[in-house]
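# Sequence and computational prediction follow.
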Amino acid sequence: MEEEFVLKIRIKFKKQGQMRFIGHLDIMRFFQKAIRRAGININYSEGFSPHQKMSFASPLGVGLISSGEYFDIESDTAVSSEESLRLLNGAMVEGMEVISFKKLPDDAKNCMASIAAADYILHITGDSNPITKEITDTFLSRDNVVITKKTKKSEKEIDIRPFIYELSSNENSVFMKVASGSVNNIKPEIVIDAICSLYNLEAPKGIYERVEMYANIGTEDNINLVSLESLGENIE
Amino acid sequence: MRKLALDDDILLTIEKPARYIGNEYNMVKKDPKEVDIRFCMAFPDVYEIGMSHLGIQILYNMFNEWDDVYCERVYSPWTDLDAVMREKNIRLFSLETQDPIKDFDFLGITLQYEMCYTNVLQMLDLSGIPMFAKDRSEDDPIVIGGGPCTYNPEPVADFFDMFYIGEGETQYRRLLDLYKENKKNGGSRKDFLKLAASIPCIYVPSFYDIEYNADGTVQSITPNEECAPAKIKKDIVLDMSSSPYPKKPLVPFIKITQDRVVLEIQRGCIRGCRFCQAGSVYRPVREKNIETLKETAREMLKNTGYEEISLSSLSSSDYSNLPELVNFLIDEFKEKHVNISLPSLRIDAFSLDVMSKVQDIKKSSLTFAPEAGSQRMRDVINKGLTVENILTGSMMAFNAGWNKVKLYFMLGLPFETKEDNEAIMDLCELIAEEYYTIPKQERNGKVNITASTSFFIPKPFTPFQWAPMCTKDQFIEKATIVKNKMNTLLNKKSIKYNWHEADLSELEGLLARGDRRLSSTILAAYNNGCIYDSWSECFKYDMWQKAIEDTNVDMDFYITRERDTDELFPWDVIDIGVTKSFLIREWNNAKEGKVTPNCKLQCSGCGAASFGGGICFENKN
Ligand code: SF4
């Protein structure tokens, strides 16, 4: 008997421009069809209404753009990464681009379980950036940044400072590397809001972009972040 | 990247911004400066409904294959955006280029149901196009209507420059060529209308004067321009297989009502049910060649990535090569995880067999549309479905594992009695009894029978166009009879009964057989804030009521009056091929409960053979 052979593939894509008005569920539906249009081999679940074996790293909110989104698929055969990219990009719309197609090691966790951190940029669309370098520096020098997190039922105080790994700023943007995923998920707006309320700034107008998502291959105390795509390798 | 017509703040606060940004897969991109004609195709309802409409996809694809035309789309802004656009003075725009509709050469509005008329006014209003055709200037787009409601376009006639009567595939090229020629010659808007009127299927309502009798009926319909013919002749596609079909249909981002590949297998219907307008106005039946269909299915699935395909026609079971087609779809696509959806199949051994292959029997239900409860009434409406058909079909299905049955009926049909209403429930009871003849250990739990009734609305160009329609109270009374009858049944626990609201039916009845004088009523309703009338959450019955009172409409005149067969109807300016004498014959047959055979069994000489094609010329042996 032939052995069941499953290829795990990680796909990285960009969602730019007007595509930011399309919500996460619709992006999933978009890729389900795009995979079929491109003729990419993908496995299906069993049962009366089988669905594609496809899982996304992390939903991106409506309004955000991204140059580092991920999903994993399972397949039993795959052509080269180069060819797959060509096929997939032939099935995209303006604003969507697939940028990497990599085979994962057999024991790899799926992208949703792997994600530990993410990079975000706030692109300022107003005239100037009120969050100057001095501000980000003083912010980073603080030991804690306590914010109140409101949920439907309760209010909770949390210190977000430990989950902000990097923060910098220039004339027209603010960059941050923050914890992400199921354990500590820091949304970029929370950081910007915290800065604005600490330093009495008017919230800057702008567009948020997710730039990259990372897995932690170090330990909890000694983190070592690598991009989700670097866990896979190109198919030649 | 295109600049969007709505700014980010608006798009991020309204519901489903994807409705307004275009960019769907297979959206056509052209440089508007490089074309001669900009045509905007409009569906006066929300995106998810409009995008599900096959006709627009067909014409969008056909127009855009022509180098000199750029066809774009627009749908009604939902109520949230509607309010924002009014407040901020934002003009209605197309999805492709996001340009104002007012800048287009044509605005083509499809009229699929009467209750979209206030949305037609919404679209014109938000576009900044004068609502009345007579007030439009040389710079305004030509507003052209199409779709089933154009078989009686009179209630909205004043809002349109012209109507295209029939199937769009055939005469649009000629119409657009005339437009170009007129533009080249420096002709005016009126000059173009005159040229257009030379096409037999183009109706320019302003070229006709309507005179009324003292009793309110139409006395005469008289052309007031030499170019205007006495009658407008519906135009149809004769060779369905070679006629344009969208091989690359648009694939929306958000879920729409018809979220699948739609394969049209034939047009028209052989059955001749006497209440059915589609069955009459789409005559004669024309089938598509099976090889064309196979190829089209393949291409469409490949070009869209859809995981579902559905057959489309008024009565799929009558397609001559149905078994071959369905088996092809199953063999070819089931392995590729494509769901196959088969609506409007008659229940028989074949359909049950394929249904068991393509759907989950436990979840799906059997659907019957007897339309009337008693055999007498089914003869009146010429619905050739007998109790035996239904019971045998049900039993076969029960044995195969089904236990859900849905039945559709109409209430308020001509010559209907209390017994006929009650017969709806007798039929449900019979089905239930049939089910419980199966030994307990062999059956699949309880049987679930759902009977739904809608209220009958007489439509133009049907044998029932002369029939009185019920009032709201009569409708409710009939529904109550059915409900009371249900409560007397032994198996009432297995039966569920649903019925529709009567408010909307009454208005639909008014507009369906209305005349030109109703334009002021529709406008008044719109000015009272009515839009999206077919959406129960938006429907404002009291505002319509007020409009009807303020414009002095006599509802009985339009709704409950029985018309004489010699009455001139507002829609008699249109010739659908089916003759009035045939309709009168059918109206008389209905009175006598006499059944007329379908076109496959025997031609009844309805007049549609005048088109020179379709079924009328096939079974000649
Ligand atoms: S002319 Fe005869 S065959 Fe043709 S549509 Fe009419 S009834 Fe049917």
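Nice, I can see it.
# mind listing what B:W587 touches?
B:R274, B:P463, B:F464, B:W466, B:A467, B:T565 (C-beta atoms under 8 Å, 6 or more residues apart in numbering or on different chains). C-betas here are computed from N, CA, C, even on glycine.
# pLDDT at the fourth one, what is it?
If I follow you right, that is B:W466. pLDDT, B:W466: 97.
# Any residue of stretch B:592-600 touching the ligand?
Yes: looking at stretch B:592-600 against the ligand by C-beta under 6 Å from any ligand atom, the contacts come from B:C599.
# Can you give me the end-to-end span of that stretch?
Taking C-alpha to C-alpha, to the nearest Å as the measure, stretch B:592-600 stretches 23 Å from start to finish.
# Can you give the distance of it from its chain's centre?
24 Å (C-alpha atoms, centre = their mean, to the nearest Å).
# for that stretch, which positions count as buried?
Neighbour counts using 16 or more other C-beta atoms under 10 Å in any protein chain shown place B:V595, B:T596, B:N598, B:C599 of stretch B:592-600 among the buried residues.
# Kindly report the same for stretch B:442-457.
Those would be B:R443, B:V447, B:N448, B:I449, B:T450, B:A451, B:T453, B:S454, B:F455, B:F456, B:I457, for stretch B:442-457 by 16+ other C-beta under 10 Å.
# separation between the first one and chain A?
Here the criterion is C-beta to the nearest C-beta, to the nearest Å. By it, B:R443 lies 21 Å from chain A.
# doesn't B:N403 make contact with that residue?
Yes: using C-beta atoms under 8 Å, B:R443 is in contact with B:N403, at 7.3 Å.
# what touches both of the two?
B:Y435.
# if we can go back for a sec, identify the farthest-apart pair in the buried residues of stretch B:442-457.
Farthest pair in these (C-beta to C-beta) is B:R443 and B:I457. Separation: 38.8 Å.
# and the residue of chain A nearest chain B?
A:K33 (3.1 Å; C-beta to the nearest C-beta).
# Assign that residue to helix, strand or coil.
Assigned with DSSP: H, G, I helix; E, B strand; the rest coil, A:K33 falls in the helix class.
# that older thread, pipe the buried residues of stretch B:442-457 into TSV and attach secondary structure and pLDDT per row.
Shown next, in TSV, are these (DSSP: H, G, I helix; E, B strand; the rest coil; pLDDT from 0 to 100):
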residue	secondary structure	pLDDT
B:R443	coil	84
B:V447	coil	94
B:N448	strand	94
B:I449	strand	96
B:T450	strand	96
B:A451	strand	97
B:T453	strand	96
B:S454	strand	95
B:F455	strand	96
B:F456	coil	96
B:I457	coil	97
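# Which one of those residues is nearest to B:N224?
Using C-beta to C-beta, B:I457 is the member of the buried residues of stretch B:442-457 that lies nearest B:N224, at 31.9 Å.
# So, low pLDDT: which residues of chain A?
Low-confidence segments of chain A, defined by pLDDT under 70: A:1-4.
# interface residues of it facing chain B?
Residues of chain A that fall close to chain B, judged by C-beta under 8 Å from any C-beta of the partner chain: A:17-19, A:21-23, A:26, A:29-30, A:32-37, A:44, A:48-50, A:62-63, A:91, A:93-95, A:207.
# Can you say which of the contacts of B:W587 are buried?
Buried among the contacts of B:W587 by 16+ other C-beta under 10 Å: B:R274, B:P463, B:F464, B:W466, B:A467.
# these two touch, right, the fourth one and B:E562?
It refers to B:W466. Yes: between B:W466 and B:E562 there is a contact under C-beta under 8 Å: 6.6 Å.
# Can you tell me what sits against the strand or helix carrying B:E72?
B:E72 belongs to strand B:69-75 when assigned by DSSP states H and E. Applying C-beta under 8 Å, 6+ apart, the contact partners of strand B:69-75 are B:19, B:22, B:28, B:30, B:32, B:35-47, B:49-51, B:56, B:59-60, B:63-64, B:92-97, B:99, B:101, B:104, B:123, B:176.
# From those, list just the buried residues.
Looks like those have B:19, B:22, B:28, B:30, B:35-47, B:49-51, B:56, B:59-60, B:63-64, B:92-97, B:99, B:101, B:104, B:123, B:176 buried, using 16+ other C-beta under 10 Å.
# Which members of the residues you listed occur in strands, if any?
When DSSP state E defines the strands, the subset of those inside them is B:I37, B:R38, B:F39, B:C40, B:M41, B:A42, B:F43.
# Now that B:S280 has come up, it's in contact with B:K580, right?
No: with contact defined as C-beta under 8 Å, B:S280 and B:K580 do not form a contacting pair (11.6 Å).
# out of the two, which sits in the busier spot?
Per other C-beta atoms under 10 Å in any protein chain shown, whichever of B:S280 and B:K580 has more neighbours is B:S280, with 29 against 15.
# Enumerate every residue touching the more buried one.
B:G272, B:F461, B:T462, B:I576, B:V578, B:L583.
# Considering those, which is situated nearest to A:K150?
So of the contacts of B:S280, ranked by how close each gets to A:K150 (C-beta to C-beta), first place is B:T462, at 60.0 Å.
# pretty sure the closest one is touching B:R274, no?
Yes: shown here, B:T462 and B:R274 form a contact pair, counting by C-beta under 8 Å, at 6.2 Å.
# Quick check: A:F56 touching A:I115?
No: taking C-beta under 8 Å as the definition, A:F56 is not a contact partner of A:I115, at 10.4 Å.
# quick one, phi/psi of the nearest residue to B:S365 once chain neighbours are set aside?
Computed as C-beta to C-beta, 6 or more residues apart in numbering or on different chains, the closest residue to B:S365 that is not its neighbour in sequence is B:K404, at 3.5 Å. Backbone torsions of B:K404, given as degrees, to the nearest 10, read phi -120, psi 130.
# domain ranges for chain A?
Per the record, chain A has its domains at A:7-113, A:115-227, by automatic domain parsing.
# so of those, which one's packed in deepest?
Highest mean neighbour count among those (mean count of other C-beta atoms under 10 Å in any protein chain shown): domain A:7-113, with a mean of 18.
# mind checking how far that domain is from the chain centre?
With C-alpha atoms, centre = their mean as the basis, the mean position of domain A:7-113 lies at 13 Å from the chain mean.
# Return the backbone torsion pair for B:Y208.
Dihedral angles for B:Y208 - degrees, to the nearest 10 - are phi -130, psi 130.
# May I have the beta-bridge partners of it?
Beta-bridge partners recorded for B:Y208 (DSSP bridges): B:P223.
# could you measure it against chain A, distance?
Distance from B:Y208 to chain A, by C-beta to the nearest C-beta: 46 Å.
# Residue 234: what's it in contact with?
Looking at chain A here, since you left the chain open. Contacts of A:N234 (C-beta under 8 Å, 6+ apart): A:S80, A:S81, A:E82, A:F101, A:K102, A:K103.
# should've been chain B
B:I165, B:G166, B:C201, B:V281, B:I574, B:D575, B:I576, B:G577.
# Now do the SS call for B:A432.
Once three-state DSSP is applied, B:A432 turns out helix.
# Quick check: the residue nearest to it when sequence neighbours are not counted vs A:L167, distance?
Spatial nearest neighbour of B:A432, chain neighbours left out: B:N491 (3.7 Å); criterion: C-beta to C-beta, 6+ apart. Going from B:N491 to A:L167 by C-beta to C-beta, to the nearest Å gives 71 Å.
# Over to B:T110?
B:T110 is 54 Å from A:L167, by C-beta to C-beta.
# Quick one: residues contacting the residue lying closest to B:E24 once chain neighbours are set aside.
Nearest residue to B:E24 in three dimensions, chain neighbours excluded: B:L250, at 4.8 Å (C-beta to C-beta, 6+ apart). Contacts for B:L250 (C-beta under 8 Å, 6+ apart) come out as B:E24, B:Y25, B:N26, B:M27, B:M51, B:Q57, B:Y60.
# could you redo the residues you listed as TSV and give each row distance to the ligand and pLDDT?
Output for the contacts of B:L250, formatted as TSV (distance: C-beta to the nearest ligand atom, whole Å; pLDDT from 0 to 100):
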residue	distance to the ligand	pLDDT
B:E24	38	98
B:Y25	39	98
B:N26	35	98
B:M27	38	98
B:M51	32	97
B:Q57	27	96
B:Y60	29	98
